[in-house]
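Undergrad: Need coordinates for the following:
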Amino acid sequence: MQQSRRAFVTGGTGFTGGHLCRRLVAAGYDVTALVRPTADASALKALGVQLATGDVRDPATLRAGMSGADVVFHIAAAFREARLSDQMYYDVNVTGTRNVVEAAAQCRVGRVVHCSTIGVHGDTGKVPAAEDTAFAPPDHYCRTKLEGELLARELCTKLGIEGSVFRPLGIYGPGDTRFLKLFRGLKRGRFVMIGDGTTLYHMTYIDDLCDGIMLCGEHPAAVGEVFILGGEGHTTLNDLVAAVARAVGSSGPRLRVPMAPVMAAAHVCEAVCRPLGIEPPLYPRRVEFFSKDRAANIAKARERLGYAPQVSLSRGVKLTAEWYASHGLL
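TA: Okay, the predicted model is just below:
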């Protein structure tokens, strides 16, 4: 009888990491997830995932958790939150990545799959970004994610590890809360469109993303490469909002307001709140959802890995809306 492959996942209690753990278990992997001491890991326990308590900033806990693993999926990151310091972003997204790859080398792990972000390209403009599009990280989060990605690629080559990197776009689906405000705002008739809504946006349903991540962990052609993982295609913000409105039974945005004054207010709000460690009610990143194009070309992943998104935008937002409704979130 063939022995199950063993996978180690960082960020397993997060949205993407949690779904990935479920997919790995369903595929027959023995899965261990790195979890912080304060994290709720009950869902992972219920799946039969082994838990390794620790932190990507602590190399010893990484080595203990990934011992015997065949593949490491590095999903954990310090995400965009106003209360986080620049040092925290660096410690997790850069130093943490170094720790993960070096621990993988010490544990003789065969492959490391690193999660980057489409944000390393910044505002993509009206021409969808490809893997070789120039880097233009717009903030400290994206700058540290870029540095972490480049470090992961360098170290995997230097240390003789099969490395693969993916840059995801607009991740959503049942269990996600990043897009909850959009769904809830439209459902309750409170959503306000900032700007003209012609901004491009590219969504990725979580099941499709996990398909792509699995390919990065298993396909021979993924080694040494970077792949953009997204849904079937991009859309305008107007069309995205219309799809969500249909899914929640809304007539659409309550009103539209110009971009410039809202962005100015967001900068002021962040400048006042961040030194106090308070999450501001309005901040530039939130407004950038309405102003920055985020569109990409997934042709490389299609051609080299056989990546094939299955969930349409209309189907994905419907499933997400149903999950929000069933959990009393709308």
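Undergrad: residues of the helix or strand hosting P261 that come out buried?
TA: Assigned by DSSP states H and E, P261 belongs to helix 259-273. For helix 259-273, the neighbour count (16 or more other C-beta atoms under 10 Å) marks 262-263, 266, 269-270, 273 as buried. Quick note: C-beta positions are derived from backbone N, CA and C, even for glycine.
Undergrad: The residue lying closest to Y29 once chain neighbours are set aside: which element?
TA: Nearest-residue entry for Y29: A7, 4.6 Å, with adjacent residues in sequence omitted and distances by C-beta to C-beta, 6 or more residues apart in numbering. Element membership for A7 (DSSP H and E) is strand 6-10.
Undergrad: Within the sheet, what are the partner strands of that strand, with directions?
TA: Its sheet considered, strand 6-10 pairs with strand 30-35 (parallel), strand 71-74 (parallel) by DSSP bridges.
Undergrad: State the mean pLDDT of the helix or strand just after it.
TA: Moving toward the C-terminus from strand 6-10, the next helix or strand (DSSP H and E) is helix 15-26. If you average the pLDDT over helix 15-26, you get 97.
Undergrad: And helix 15-26, what does it pack against?
TA: strand 6-10, strand 30-35, helix 42-47, strand 71-74, helix 206-218 (3 or more C-beta pairs under 8 Å, 6 or more residues apart in numbering; DSSP states H and E).
Undergrad: got the CA positions of the helix or strand following the last one in CSV?
TA: Later in the chain than helix 206-218, the nearest helix or strand by DSSP H and E is strand 225-229. Taking C-alpha atoms only, strand 225-229 is exported to CSV below (Å, rounded to 0.1, in the frame of the first residue of the first chain):
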residue,chain,number,x,y,z
GLU,A,225,8.2,29.0,-11.5
VAL,A,226,5.8,31.8,-10.5
PHE,A,227,2.1,31.6,-11.4
ILE,A,228,-0.7,34.1,-11.2
LEU,A,229,-3.8,32.3,-10.0
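Undergrad: quick one: the helix or strand following strand 225-229 to chain centroid distance?
TA: For strand 225-229, the succeeding helix or strand toward the C-terminus, using DSSP H and E, is strand 235-236. Remark: strand 235-236 is offset 19 Å from the chain centroid, using C-alpha atoms, centre = their mean, to the nearest Å.
Undergrad: now do stretch 12-25
TA: On C-alpha atoms, centre = their mean, the centre of stretch 12-25 falls 12 Å from that of its chain.
Undergrad: Packing partners of the helix holding P261?
TA: Against helix 259-273 (3+ C-beta pairs under 8 Å, 6+ apart) you get helix 284-291.
Undergrad: Can you give the contact residues for the helix it packs on?
TA: Here helix 284-291 makes contact (C-beta atoms under 8 Å, 6 or more residues apart in numbering) with 80, 138-139, 193-195, 197, 199, 201, 237, 259, 262-263, 266-267, 270.
Undergrad: Could you do stretch 34-51 as well?
TA: Contacts of stretch 34-51 (C-beta under 8 Å, 6+ apart): 8-13, 18, 21-22, 25, 30-33, 52-56, 61-62, 65, 76.
Undergrad: can you give me the helices in the stretch 1-150 of the chain?
TA: 15-26, 42-47, 59-66, 86-90, 96-106, 140-159 (DSSP state H, counting those that start in this stretch).
Undergrad: what's the burial count for V241?
TA: Using other C-beta atoms under 10 Å, the number of residues around V241 comes to 21.
Undergrad: What of F179?
TA: Neighbour count for F179, taken as other C-beta under 10 Å: 19.
Undergrad: Beta-bridge partners for the closest residue to it other than its chain neighbours, please?
TA: Sequence neighbours aside, Y172 is the residue nearest to F179 in space, at 5.0 Å (criterion: C-beta to C-beta, 6+ apart). Going by DSSP bridges, Y172 is paired in beta bridges with Y205.
Undergrad: isn't Y172 right up against R178?
TA: Yes. Using C-beta atoms under 8 Å, Y172 is in contact with R178, at 7.1 Å.
Undergrad: higher neighbour count, the two?
TA: Shown here are Y172 and R178; by other C-beta under 10 Å, Y172 has more neighbours (25 against 13).
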